[in-house]
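1. The following block contains a protein sequence and its predicted model.
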Amino acid sequence: MEETSIIISGFGGQGTLFAGQVLAYAALDNGQNVTWIPSYGPEMRGGTAHCTVMISDDEIGSPLVRNPDVSLVLNLPSLDKYEKLTKPGGALVANSSLVNRGLERDDLEHLYIPANEIAEEIGLARMANMVMLGGMLRLAPVLPLEVIKQALAAHIPERHRRTLPMNFEAMEQGYAFAERTLTKAAA
């Protein structure tokens with residue numbers, strides 16, 4: 001792997017920054033170089049929030065990303081913004097629970113995941129971010145799913161440890177949904 005840039009974007013409160021942190025910790029634990037830069041809208045919960053994660057085997061020249069390799073968008077405003085900016089030939093994963101339109105570009109690998117519905121089936125609607133992360137790892141395998149799960153287990157705050165099994169299930173469900181969808185599309 002050279003260098004991969006990932007934008008994770010959604011409403012504040014959707015766990016976009018947390019998903020980016022998990023990815024960053026996993027890359028660090030995997031011996032790679034990483035940057036994680038959060039950005040908040042005017043207010044955290046309900047406003048926009050996004051983060052940029054850069055993962056590289058070499059030193060990272062600049063943590064700033066104008067055109068990400070991968071965009072993980074949890075809502076329609078994020079799709080509207082990052083579809084235009086994602087690198088040609090890049091990957092875009094969208095939460096179809098909150099995105100009600102298809103892509104306007106045809107030069108991106110893409111995947112739509114009903115992340116809110118999958119998270120609600122697991123029993124915790126807040127897990128949509130982990131469903132999306134699991135799906136992204138199937139479309140754009142920047143790190144193995146097991147490495148992400150190990151990093152989450154190693155770095156999750158003690159007060160949230162009880163949610164680990166649901167976080168793992170959410171990632172696995174997202175990955176499995178992506179596997180079924182992408183396999184069907186390739187057939």
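-> Done, it's in. None of the values given here were measured: they were computed from a predicted structure. Numbering: from 1, shown residues only.
2. What residues does the residue most central in space within the chain make contact with?
-> The centre of the chain sits closest to Leu133, judged by C-alpha atoms, centre = their mean, with a distance of 3.9 Å. Counting by C-beta atoms under 8 Å, 6 or more residues apart in numbering, Leu133 touches 19, 22-23, 72, 148, 171, 174. Any C-beta I mention is one placed from the backbone N, CA and C, and that applies to glycine too.
3. Centre of the chain to the host helix or strand of it, how far?
-> If you go by DSSP states H and E, Leu133 is part of helix 128-139. From the chain centre to the centre of helix 128-139 is a distance of 6 Å (C-alpha atoms, centre = their mean, to the nearest Å).
4. Check the offset of the next helix or strand after that helix from the chain's centre.
-> Once helix 128-139 ends, the next helix or strand along the chain (criterion: DSSP H and E) is helix 145-155. Centre-to-centre, helix 145-155 and its host chain are 14 Å apart (C-alpha atoms, centre = their mean).
5. What of stretch 12-31?
-> On C-alpha atoms, centre = their mean, the centre of stretch 12-31 falls 9 Å from the chain's centre.
6. Would you mind putting the CA coordinates of it into CSV?
-> The C-alpha coordinates for stretch 12-31 follow below in CSV (Å, rounded to 0.1, in the frame of the first residue of the first chain):
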residue,chain,number,x,y,z
GLY,A,12,-22.4,15.5,14.5
GLY,A,13,-23.5,12.6,16.8
GLN,A,14,-23.3,9.9,14.1
GLY,A,15,-19.9,8.8,15.2
THR,A,16,-17.9,9.9,12.2
LEU,A,17,-14.9,11.1,14.3
PHE,A,18,-15.0,7.9,16.4
ALA,A,19,-14.9,5.7,13.2
GLY,A,20,-11.9,7.7,12.0
GLN,A,21,-10.2,7.2,15.4
VAL,A,22,-10.7,3.5,15.2
LEU,A,23,-9.2,3.4,11.7
ALA,A,24,-6.3,5.5,12.8
TYR,A,25,-5.5,3.4,15.9
ALA,A,26,-5.7,0.3,13.8
ALA,A,27,-3.2,1.6,11.3
LEU,A,28,-0.9,2.7,14.2
ASP,A,29,-1.2,-0.7,15.8
ASN,A,30,-0.4,-2.3,12.4
GLY,A,31,2.9,-0.4,12.3
